[in-house]
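> Give the three-dimensional model of this entry:
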Amino acid sequence: RKQVPWCSICLVVTALTCHICVLVGNLKTSAAMDQIGTSTAGWSKVGLGVGRSLDSELIEMVSEVADQLVLVLGNISSITSTLDMIISLAGTATEEAVANGTANATLMGVAGMALMQTGQ
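Numbering: from 1, shown residues only. Below is the predicted model:
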């Protein structure tokens, strides 16, 4: 009498079932990757469009800001020169006042100089 090799049959059927499951999983993963690739291509086009628009608009805005900064720096330089001149004039006036105060102190005496220093 012949015996049926049930263990071998179970092993082959189980191996075949596992291989089929792996094949189905690989096919589904491949389809998902294909959809991700299509979606990524769409987002890539969006990103490139945003980059191009930023490039053209941003260049104009940056050049405007640079021009305004140059004007502001010119104004600051002018104001600095004016302040330097005012401080110089104030220093000269102070030196003249001190020189006149010293000359007047000799005329007015020590009491006159003391009054002048206290501001009375």
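> Please count neighbours and contacts with C-alpha atoms only from this point.
OK.
> residues touching residue 39, list them.
The contact partners of residue 39, by C-alpha atoms under 8 Å, 6 or more residues apart in numbering, come to none.
> give me the element the residue nearest the centre of the chain is part of.
Per C-alpha atoms, centre = their mean, the C-alpha nearest to the average position across the chain is that of residue 62, at 13.4 Å. Remark: residue 62 resides in helix 6-108, with elements defined by DSSP states H and E.
> and that helix, how far from the chain's centre?
In terms of C-alpha atoms, centre = their mean, to the nearest Å, the centre of helix 6-108 is found 4 Å from the chain centre.
> Mind checking the pLDDT average for that helix?
Averaged over helix 6-108, pLDDT sits at 85.
> Residue 51 - how many residues pack around it?
Residues contacting residue 51 under the criterion other C-alpha atoms under 10 Å number 13.
> Same question for residue 18.
By other C-alpha under 10 Å, the residues close to residue 18 number 12.
> cool, and residue 9?
As a burial measure, residue 9 scores 11 neighbours (other C-alpha under 10 Å).
> And residue 54, by the same measure?
Around residue 54 there are 13 other residues, counting by other C-alpha under 10 Å.
> do the same with residue 11
Neighbour tally, residue 11, other C-alpha under 10 Å: 11.
> which residues touch it?
Listed by C-alpha under 8 Å, 6+ apart, the contact set of residue 11 is empty.
> could you redo the last one with a cut-off of 10 Å?
By C-alpha atoms under 10 Å, 6 or more residues apart in numbering, residue 11 lies in contact with residue 17.
> Kindly report the same for residue 68.
For residue 68, the contact set (C-alpha under 10 Å, 6+ apart) comprises 62, 74.
> Equivalent analysis for residue 80, please.
Neighbouring residues of residue 80 by C-alpha under 10 Å, 6+ apart: 74, 86.
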